[in-house]
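**Student:** return a 3D structure for these sequence lines:
(2 chains)
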Amino acid sequence: MHIAEGFLPPVHAAAWTVAAAPFVVHGIREIKRTVTEHPESRLLLGAVGAYSFVLSAIKLPSVTGSSSHPTGTGEGSIIFRPPVMAALGSVVLLFQALLLAHGGLTTLGANVMSMAVVGPWAGYGVYRLLRRAPWSVAVFFGVAVSDLATYVTTATQLGLAFPDPASGFFGAWARFLGLFAVTQVPLAVVEGLVGVLLMNALRTWAGPELRRLGFGRDRNEDPSLGAKHA
Amino acid sequence: MPKKTVNLLLVLATIAVFIVALVIGVQKGEFGGTDSAATEQIQASDPGYKPWFEPLWNQPGGEVESGLFALQAALGAGILGFALGVFRERRKHLGDSAPGEKPVAPGNS
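**Tutor:** All right, here's what the predicted structure looks like:
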């Protein structure tokens, strides 16, 4: 989902940077607040950040004959809420822009918007909407949607920057969607399945941290998560 | 269903999706990255567009690049594994209560 360095016209690059910046600043403040109020959640915070770090490094082959990577941002946004992932996802993207020449500094704003803002919020929204569904179903769809929404956003950004001469934005959008979103569908499914595995493990082992963060309260669940599901 | 069975099924399903994607994909292409495919698409539809900024640093060769990707994955996996290991051991020794927290009785809400 990285838009390559220099591949957004300056006006678009600037606009996405301006749009993404407040989310990142808010995210950094949310991390500070979370760590102050719940110092015990630091290890969990490291775990979800590290998870996104691993997943976005793994390029997987897909049905379209091209390869792409998962984002790993859905799990963190379900546990810590999306603003925290805006900050953590930006760290991942900055690392890749500077050391791997994947993405770039001029396109960082657009990439942060898709992977660290829209993806986490879309996934979190779906997770909350499915609060009456079985918990693992809600996690699966939340995580999968956060992955897919990231790539739909990238396609939208490119469609806006490079509208088709004949068919305009929608023509270009359809082409970029065919490229990004179709490739991403099986990867989103894989990420959803692995996401349920990770959350199962955290629920069993990190019950105290999750309880203190208020995790699961909105689902009318037994707050003693770990005890119940051991 | 016991939790262990569910987790095993999740792993199997993940592998199955992966294999299906690989088998179908193999007939369609070389598994190049979608990032560069998008770049090519832009250059095809908009031949006049010139990237106006270059990466500050480009890895000298594909080997260095794959090494750095491996480093990224290893750093992430190391931290994640450490955290999960700490959580797991703590649960083993302290049950479902963190230090400084009142012990939680099962089913207590």
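**Student:** other SSEs contacting whichever helix in chain A runs longest?
**Tutor:** Assignment by DSSP state H gives helix A:168-205 as the longest helix of chain A. In terms of contacts (3 or more CB pairs under 8 Å, 6 or more residues apart in numbering or on different chains; DSSP states H and E), helix A:168-205 is packed against helix A:42-55, strand A:66-68, helix A:74-80, helix A:135-161, helix A:225-229, helix B:3-26, helix B:34-45, helix B:62-94. C-betas here are computed from N, CA, C, even on glycine.
**Student:** same for the following helix or strand past it, what does it pack against?
**Tutor:** Downstream of helix A:168-205, the next assigned helix or strand under DSSP states H and E is helix A:207-212. If you count contacts as 3+ CB pairs under 8 Å, 6+ apart, helix A:207-212 packs onto helix A:42-55, helix A:225-229.
**Student:** can you redo those helices as JSON lines with mean neighbour count, distance to chain B and mean pLDDT?
**Tutor:** As requested, these are arranged in JSON lines below (neighbours: other CB atoms under 10 Å in any protein chain shown; distance: least, CB to the nearest CB, whole Å; pLDDT from 0 to 100):
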{"stretch": "helix A:42-55", "mean neighbour count": "23", "distance to chain B": "3", "mean pLDDT": "96"}
{"stretch": "helix A:225-229", "mean neighbour count": "20", "distance to chain B": "4", "mean pLDDT": "46"}
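**Student:** which one of those lies nearest to B:Leu71?
**Tutor:** Nearest to B:Leu71 among the helices and strands packed on helix A:207-212 is helix A:42-55 (10.5 Å), distances taken as CB to CB.
**Student:** what lies in contact with the closest one?
**Tutor:** Residues outside helix A:42-55 that contact it (CB atoms under 8 Å, 6 or more residues apart in numbering or on different chains): A:31, A:34-35, A:69-73, A:75-76, A:79-80, A:84-85, A:88-89, A:91-92, A:95, A:191, A:198, A:202, A:206, A:209-210, A:213, B:72-73, B:75-80, B:83-84, B:86-87.
**Student:** mind checking which of the residues you listed are buried?
**Tutor:** Buried by 16 or more other CB atoms under 10 Å in any protein chain shown: A:31, A:34, A:69-73, A:75-76, A:79-80, A:84-85, A:88-89, A:92, A:95, A:191, A:198, A:202, A:206, A:209-210, A:213, B:72-73, B:76-77, B:79-80, B:83-84, B:87, out of the contacts of helix A:42-55.
**Student:** so where's chain A shaky on pLDDT?
**Tutor:** Flagging of chain A using pLDDT under 70 yields the residue ranges A:220-230.
**Student:** and with 90 instead?
**Tutor:** Scanning chain A for pLDDT under 90 picks out A:1, A:101, A:131, A:165, A:211, A:214-230.
**Student:** pick out the residue of it closest to chain B.
**Tutor:** Residue of chain A nearest chain B, by CB to the nearest CB: A:Gly65 (2.5 Å).
**Student:** and the residue nearest to that residue when sequence neighbours are not counted, helix, strand or coil?
**Tutor:** Ranked by CB to CB, 6 or more residues apart in numbering or on different chains and with sequence neighbours excluded, the top spatial neighbour of A:Gly65 is B:Gly29, at 2.5 Å. Three-state call for B:Gly29 (DSSP: H, G, I helix; E, B strand; the rest coil): coil.
**Student:** give me every residue that touches B:Gly29.
**Tutor:** By CB under 8 Å, 6+ apart, the contact set of B:Gly29 is A:64-66.
**Student:** which residue is most remote from the mean position of the chain?
**Tutor:** Using chain A here. Each residue of chain A has a distance to the centre, and by CA atoms, centre = their mean the biggest one is for A:Ala166: 33.2 Å.
**Student:** think we crossed wires, I meant chain B
**Tutor:** The outermost residue of chain B, judged against the average C-alpha position, is B:Gly48 (36.1 Å), by CA atoms, centre = their mean.
**Student:** let me know the pLDDT of that one.
**Tutor:** At B:Gly48, the pLDDT value in this model is 89.
**Student:** how close does the spatially most central residue of chain A get to A:Gln157?
**Tutor:** Closest residue to the average C-alpha location of chain A: A:Thr73 at 3.2 Å, with CA atoms, centre = their mean. Distance, A:Thr73 to A:Gln157, by CB to CB, to the nearest Å: 17 Å.
**Student:** could you do B:Ala21 as well?
**Tutor:** To A:Gln157, B:Ala21 is 25 Å away according to CB to CB.
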